[in-house]
Every structure is written in structure tokens, then in C-alpha cells.
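**Q** curious how this folds, go ahead:
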Amino acid sequence: MPITRTAIAVLLMAAATGADQTAAVEGLIDRLLPGMGADFTLQLVDKTACGEGKSLCFGYSAQGGKVALTGTSGVELSMALNHYLKYVTNSSISWKGTGGNQLSLSAPLPDTPLVHVNRAHDLHYYANVCTFSYSFVWYTFSDWVREIDWMALNGVNLPLAYTGQEKVYQKVYNQMGVTDEELAGFFPGPAFLAWGRGQNLLAWGGPLPQEWIDSQWELQRQILPLMREFGMKPVLPAFQGNVPNAFVTLFPAANVSRVGTCPTPLSKKYGCMAWMDAMDPLFNKTADLVMKTVIADFGTDHYYAADGDFTTAMAPWYANDKLSETKLPEPLENGALPTMDMEAFNHSRAAYNGMIRTDPDAKWVYQTWSWLFGTKQSYMYGWVSAVPKGNLILLDLMAEETPMWKATQSYYGSTFIWCMLHDFGGNNGMWGDALSVSRNPVTAAVNSTMVGTGLTMEGINQNAMIYELMNEMAYRTTSPDLPTWAARYAQRRYAEQSPSLNKAWTILMNTVYNFPGYNIFVSKDAYTAIPYSSPWDRLQPTIWYNQSEFVNAWGLMLEGTQNGLTYRHDLVDVTRQALGKYSSAVWKKMNVSIVAGDAQGIQEGCDEMVDVLNDAEKILNTVETFMMGEWVQAARQCGNGDAKMTALMNFNAVEQVTLWGYTFPAADDPNGPDVNLPGLVDYATKQWAGLMSAYHAKKWTIFTSHKIASILNHSAFNQTAFHEDLISWYHQWRDTAVFSTIPVGDTHEISSELYAKYSPHINEA
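**A** Numbering: from 1, shown residues only. Below is the predicted model of the structure:
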């Protein structure tokens, strides 16, 4: 029976009772383990059951096929279920896009003595503002139910909840005199909303249909009650100062200005975002309207996200006058505090006041990402000092590689969450720093103001292992032994006691998952780049591990005997990883021919690159988790049968995972052809079937034809002509390509063929 609007309104405003939370977990069990609900009993306990000064805990025992779960909330009850499934039944819970769940259950359920676990921290945060575009954008409510179940099973109790906020801002800005026509030039399209909500992106991928604005608002009003029924505390959006350009003329006396130099080529077509200074009285009025509308529409658990400097200077994640240094600051000697920057203090206090005027119990959740690039100690100290201790929760967004808390004496006493960012753009290359993830949350908690752990990846559905490990750090107080943990992971993941698979994962832990350091493009490969166009050396990707050892892991993976989706997904992933890194060697050989002016060598290099891409297409096409068609189909379904809206959704879906919109005129000719390719070209690229042969290979063939022509004609390589041809082809392909959702071929057979073909040639070159 559908939930009525009235019922949703009641659920939005009401705190979850114990019965609500128990019922939520019962629903999860019914979805995860159909027909087995009677085998589980659920009991909520208070914090006195935890002991050791802890306030959150879970436990379980099983006898005679009946499992008793206990927990301090619906989330902890769900964690108890997951822990039992993992460590007693050898089952595995993972995202649908990484193979889904592997449930090794037999009747009766196995017995186990009492297991009691105290959570190490009170908070486990989930999601990045970008995740709502790179992964969640096409979600239906059933997708969100599955996602929220995954959150609960993995201990998430502080999820970011950013869906549907455009209707809130539409209401507010309409009330302030901005027309819907003007808002059409403000909101980006669905796949790019994250960068309109708090960056400098205007309109690209739009206009945003009213049907989308309304349906996403309704969807948020379904999402939030389910989160709350588990006992989660959703983090809602608060006003952070970016406003429609209409504000500049509507309020000429206000301190509202466009960014002087927009750091994106898209601004050449759509203009720059307007930003309002938090010290201006109009900021107060706007913030109050936003907060009141957010709470009226979505209820509240008193946690709000808002990022940036709250000045007219710049968007949150771009360098400005406060980000003038080039590295993380060194801690001050002897625990001394820096001089306080009063400008930072005042702007932070104004932003915080914009929350507490409406909700006196507001807690501000703030991403410290923009501080990673050398923000001055005085600025950070002033910023955090403006908010009472405990009411500002700082997300140390990439603590696994660049821990800000170390450089700031635990943020000068403000509370923080140790987060693993890991993924950029939803790229699906294999990598991670398992050693840091397994050790550093434990050491960070000692004598610090750490209050939780978090996952802040830009995109999900990749590298399931590193996220499972990080989720365990939400309750672990000691570091696991990684070789032992990896072997157990393999057994759970594949429902198979296999020495070969166990050894394969030991090797993977020591190779691809042993990357220390910061490299935003570590998961990219040469064959998905655009020759002579891709920024950030994507044609020379980092290879940080011994490729011969990785090839050994590939061979061991082929010794698996199971054919479940988790095994096939991982076998495809390992095969894809090997081919991707091999493409770097192909490019090196091809580039030697380019430098030498050897047309035949260039053509041979291109042919080999296309061959590798076609082989990647072949293996990726064997499982639905690596198919472009799944992404595009989900987008097109959001068109609800309307041809124009379906075309817009298709445009957004394809553009985001390819050129990302950076196909606009060169700076010196704003009216010229669309040939300029700077910035985020292929930033969010995916190694998916449907893209490798049709898109990435075409880039190489177009480039090669132009390069050879320049050699034969004894002329300089014409990059503009190359880009013109590439973009002309791309626009037609983007708008007409059809992507399959039906896997083709046997994963094990094709991977074996490719292993025989490539393994002798993959080395440390």
C-alpha cells in the first residue's frame, strides 16, 4: 500500500521509536533473507549494556537455528546481523555494482556463542556531495532502499541526504523575486547538480525539468523516513552562499558578486556563479528562508552541511587568497596555537548563525577539503573557533592520505571525523591504501577529538574490499592482521575455501591495495585518455606495484571454481586492471614512433591500442556490473516516457562519463567551433563495455589519422583540426549511441584467453 503524503509528513517530523527501529530491521531481514525472518529475534538495548564507557554496541548469539540480535539502535541491530553473516556464515554484503551480496546460508542457521562488540566511535558518516551525481543521480526509491539497507548493515548512522534540494531553493528564490526562467540558467542538469549546489557550475546539462525537481523532492521525502527508522541522523543541506545571478540586479546594494575568474571553461558559455558574503544582511534573510523551508519540507535531526568560505571570492573547492600555500602546514611547536584570523572567524560565525537562528540545536558538518592545499593555520583556527565545541563536525575528507587533524592539533580542539575519500569521479580502477585504512583510524583516536569514521568517496560501485575494510573500522579498536583478513574476505566473497583465491588476495593487498600517497588520477589508464589533450599526465598513469606479481594474482583468480556474480565481477576487474596498465606500455612504444616521425610505427601503435581496448570491451561485456547500458538505461527511465526529457537524461548520462561538458570554444574565439578540451576531460571516465571500443578506441583512431597526415604532409600537428573532428564525431555518437544491458560471453573463458595472450608481455616496462 503506498504511503500517503500525510503519512510521509508525520514520518518526516517524528523521531523513530524503538518499535520503529525494530520494524526497520525486520524489513531489512525480509528483503535480504526472504522467508527467514522467524529465525531472528531482535532486542534493542540501552547504552548500559555496552560497558567500557561506550554508548553504542551490538551483539548476537545463535542456538538451534535461531539467532538473537541485540543493538543500541536499528543501525546496531543491522550491524549485528552483518557481523553474524560475515563471520559465522561466511557471507558477504556489497554494493550491487560490485557484484552484490553472496549469502552462504543453510538450514538450520549455524550456532555461535555470544559475541559482543562496542563501537569504537559514535558516528559513521557516508557520502560526498559528488556521490549524488556520480552514483545516486538515477536512483529510484527501490535503489535507495537497497542503499540504505547497505548503510545500516555497515554501521552508517550519519548519512549525507542531498536529494531533492532544488525544490527548496526554487521555493526560496521564487519568494525572493527570482523567476523560474532565471532559475533555468542556475540549476545544472541532473548529472551535474553536485557542482551547481556548491561550486561554479551554471546550467550545463539543463534546463532542469520541473518534473525532475518535483519528483526528486518527493523521493527525498521517502528516503528520510527510512533512514530515520533505522536510527540514522541524515545530514541536510544548509545555505552556503551561491545564488542565481539575478540576485546581482535584484539586490544591487547587497554584497553579491560573480567570481572574477571562473576556473572552468563552462563559464565561457554560461557565465560565473554569483556568491553572497555571509556578513551581508541579505545572507541572513536567505539562510533563514532556506533553513525554514528545509525543515518544513524534510524535518530535521539537527545536522546540516554547508561548505566554503562564505565570501564573494570563490567556490569552496578552488584556490583563493586563503589557500595561498602549496602544502599542508606543519604543526606549530610545543602545541602553540596560531594567531586567529578574525575575518575567518566572522564569516564562520555568520554561516553558523544562519543555521542556529532557525534550529538552535544545529550541528554543522563541514568538509575540510578546501583546506588540503595549504590553508594558513591562522585561517583554520579562526574558522573553527567561531563555533562552540561539539557543534562543528569537521570531515577530514581524505585522512587516509592527507590527515589534516595531524597538522592542526586535532583541529584546535574541534571534533572531527576520520574519512576515507579514496575515489575520484567514480573511476573504477583497482587501488587503495589498505595499510592506512586498517591502522590510522585506530591511532588517530588516541588523545584526539575524533568522534567518528566516514566514507567520502566521489563514486561508489568500485573496490568493494577497501570499503568493507573501512566500514569495519567504525567499530574496531585494534587493527586487523591484513593477510588473515584478506583470506577471510576471499572466502566470504566467493563462498569458496580456495588456497589459490586466498593467495590471490594476499598478492592484491601487497600490490594494487598498497598505494601510499596522494594521486587523484591513480586509477586512470592510458587507453582511456585523449592523446595530446588529456591534462594531468593521464597518458603516463602511476604504476606503483610489481606488475608480474599482479599477473600472478590474475592467474590464481582463474583457479576459482565458483561462478557467482561476485567472483565473475572480480575476475573481470582483475583482467581489466591488467589490460589498463599494459596500455601504458603500448603508449610508450607509440610515442617513440611519434617523436621519430615514423608513420608506420604510429599506425601499428594505434592498432595495438585499439586491440587492447577491444579486448577490454570483450571481458567487460560479460557482466552487467561493467556495462554502460545499465547507467544509461537508468537515466533514460527517469524520462518517464517523455521524448524530450528522455533525451536530456541520455545526454547527461553519456556526457558525464565521457567529456564532462568540456567541449566549448577556445578562449580567444568565444563564437568559434567547439574544439577546446581543457579541464575535466574524461575525469569521471568509466571502463565499461559500450565505451571501450565505441568511444575510447575512436579517440585513438581520429588522433592517429591526424598525426600521420601531419607527417606525410610535412606539417605541424594541427591540434585544433584534431579536436574539431573529434567533437564533431563525439556529438553525433553521444546523442545516437545505443548501449546493451545484456551480458555476452563466458567471463572465465574470455579472461583465460586474455591471460594467455597478455601475461607473457606484462612486465615492469
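**Q** centre of the chain to the biggest helix by length in the chain, how far?
**A** Looking across the chain with DSSP state H, the single longest helix is helix 565-596. In terms of CA atoms, centre = their mean, to the nearest Å, the centre of helix 565-596 is set 24 Å apart from its chain centre.
**Q** pLDDT on that helix, on average?
**A** Confidence over helix 565-596 (mean pLDDT, whole number) is 96.
**Q** show me what counts as buried in the helix or strand following that helix.
**A** Downstream of helix 565-596, the first helix or strand assigned by DSSP states H and E is helix 599-620. Residues of helix 599-620 classed as buried by neighbour count (16 or more other CB atoms under 10 Å): 599, 601-603, 605-606, 608-610, 612-613, 615-620. Quick note: C-beta positions are derived from backbone N, CA and C, even for glycine.
**Q** what pLDDT does the model give residue 11?
**A** 56.
**Q** before we move on, what about residue 323?
**A** Model confidence at residue 323 (pLDDT) stands at 37.
**Q** next: residue 665.
**A** Reading off the model, residue 665 has pLDDT 39.
**Q** check contacts around residue 237.
**A** Residue 237 makes contact with 162, 165, 168, 197, 290, 294, 304-306, according to CB atoms under 8 Å, 6 or more residues apart in numbering.
**Q** how close does it get to residue 305?
**A** 6 Å (CB to CB, to the nearest Å).
**Q** list residues touching both of these two?
**A** The contact lists of residue 237 and residue 305 share residue 162, where a contact means CB under 8 Å, 6+ apart.
**Q** name the helix or strand for residue 545, please.
**A** If you go by DSSP H and E, residue 545 is not part of any helix or strand.
**Q** burial count for it?
**A** Neighbour count for residue 545, taken as other CB atoms under 10 Å: 20.
**Q** nearest residue to it other than its sequence neighbours?
**A** The shortest distance from residue 545 to any non-neighbouring residue, by CB to CB, 6 or more residues apart in numbering, is to residue 511 (3.7 Å).
**Q** ok, now residue 154?
**A** residue 471 (4.1 Å).
**Q** the helix or strand encompassing the one you found vs helix 565-596, what angle?
**A** Assessed by DSSP H and E, residue 471 sits inside helix 464-472. Counting by axes from the mean of the first three to the mean of the last three CA atoms, to 10 degrees, helix 464-472 lies at 120 degrees to helix 565-596.
**Q** now residue 124: phi and psi?
**A** phi -130, psi 110 (degrees, to the nearest 10).
**Q** and the gap between it and residue 78?
**A** 12 Å.
**Q** count the residues that sit near the residue lying closest to residue 745 once chain neighbours are set aside.
**A** Nearest non-adjacent residue to residue 745, counting by CB to CB, 6+ apart: residue 622, 4.6 Å away. Using other CB under 10 Å, residue 622 has 24 other residues around it.
**Q** ok, and what's touching stretch 555-574?
**A** 92, 94, 98-100, 102, 428, 430, 493-496, 498, 500-501, 503-504, 507-508, 550, 553-554, 619-620, 622-623, 625-626, 747-748, 751-752, 755, 759.
**Q** can you select the buried ones among those residues for me in PyMOL?
**A** In PyMOL syntax, the buried subset of the contacts of stretch 555-574 is picked out as below (16+ other CB under 10 Å):
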select buried, resi 92+94+98+99+100+102+428+430+493+494+495+496+498+500+501+503+504+507+508+550+553+554+619+620+622+623+625+626+747+748+751+755
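**Q** so which of the contacts of stretch 555-574 sit within helices?
**A** 493-494, 500-501, 503-504, 507-508, 550, 553-554, 619-620, 747-748, 751-752, 755.
**Q** can you give me the helices in the stretch 51-200 of the chain?
**A** Per DSSP state H, counting those that start in this stretch, the stretch 51-200 of the chain carries helices over the ranges 74-87, 131-134, 141-153, 165-175, 180-184, 194-197.
**Q** among those helices, which comes closest to residue 118?
**A** With CB to CB as the measure, helix 74-87 is the member of those nearest residue 118 (10.1 Å).
**Q** rewinding a little: tell me how far the helix holding residue 471 lies from the chain's centre.
**A** For helix 464-472, the distance to the chain centre is 14 Å (CA atoms, centre = their mean).
**Q** following the worst-scoring helix or strand of the chain on mean pLDDT, which helix or strand shows up next?
**A** Every helix and strand of the chain was ranked by mean pLDDT, DSSP states H and E. The lowest is helix 5-13, at a mean of 56. Toward the C-terminus, helix 5-13 is succeeded by helix 18-32 as the next helix or strand (DSSP H and E).
**Q** tell me what that following helix is packed against?
**A** strand 40-44, helix 74-87, helix 141-153, helix 210-229 (3 or more CB pairs under 8 Å, 6 or more residues apart in numbering; DSSP states H and E).
**Q** distance of the residue nearest to residue 554 when sequence neighbours are not counted from residue 557?
**A** Nearest in space to residue 554, with sequence neighbours left out and distances taken as CB to CB, 6+ apart, is residue 574 at 5.1 Å. Per CB to CB, residue 574 is found 5 Å from residue 557.
**Q** returning to that earlier point: ok, the residue nearest to residue 154 - contacts?
**A** 124, 154-155, 455.
**Q** ranking those by neighbours, who comes first?
**A** residue 124 (28 neighbours).
**Q** I figured that residue was touching residue 158, is that so?
**A** Yes - counting by CB atoms under 8 Å, residue 124 touches residue 158, with 6.5 Å between them.
**Q** next, show the common contact partners of these two.
**A** The contact lists of residue 124 and residue 158 share 452, 454, where a contact means CB under 8 Å, 6+ apart.
**Q** could you list the buried residues of the longest helix of the chain?
**A** Across helix 565-596, burial judged by 16+ other CB under 10 Å covers 565-587, 590-591, 593-594.
**Q** that one to helix 599-620, inter-axis angle?
**A** 170 degrees.
**Q** quick one on the thing from earlier: tell me which of the helices of the stretch 51-200 of the chain sits nearest to residue 541.
**A** Of these, nearest to residue 541 by CB to CB is helix 131-134, at 19.9 Å.
**Q** for the closest one, the averaged confidence score.
**A** 98.
**Q** could you do stretch 715-723 as well?
**A** In the prediction, stretch 715-723 has an average pLDDT of 89.
**Q** now do the end-to-end distance for it.
**A** Distance across stretch 715-723, first residue to last, is 17 Å (CA to CA, to the nearest Å).
**Q** show me which positions of that stretch end up buried.
**A** By 16+ other CB under 10 Å, the buried positions in stretch 715-723 come out as 719, 722-723.
**Q** end to end on stretch 452-460, go ahead and measure it.
**A** From start residue to end residue, stretch 452-460 stretches across 20 Å - CA to CA.
**Q** mean confidence for that stretch?
**A** Stretch 452-460 shows a mean pLDDT of 98.
**Q** show residues contacting it.
**A** Against stretch 452-460 from outside (CB under 8 Å, 6+ apart): 95, 97, 120-128, 130-131, 134-135, 156, 158, 367, 395, 397-398, 417-427, 441, 467, 470-471, 473-474, 684.
**Q** same question for stretch 637-652.
**A** Counting by CB under 8 Å, 6+ apart, 137-138, 140, 189-192, 205, 209, 211-212, 632, 635-636, 734-735 sit against stretch 637-652.
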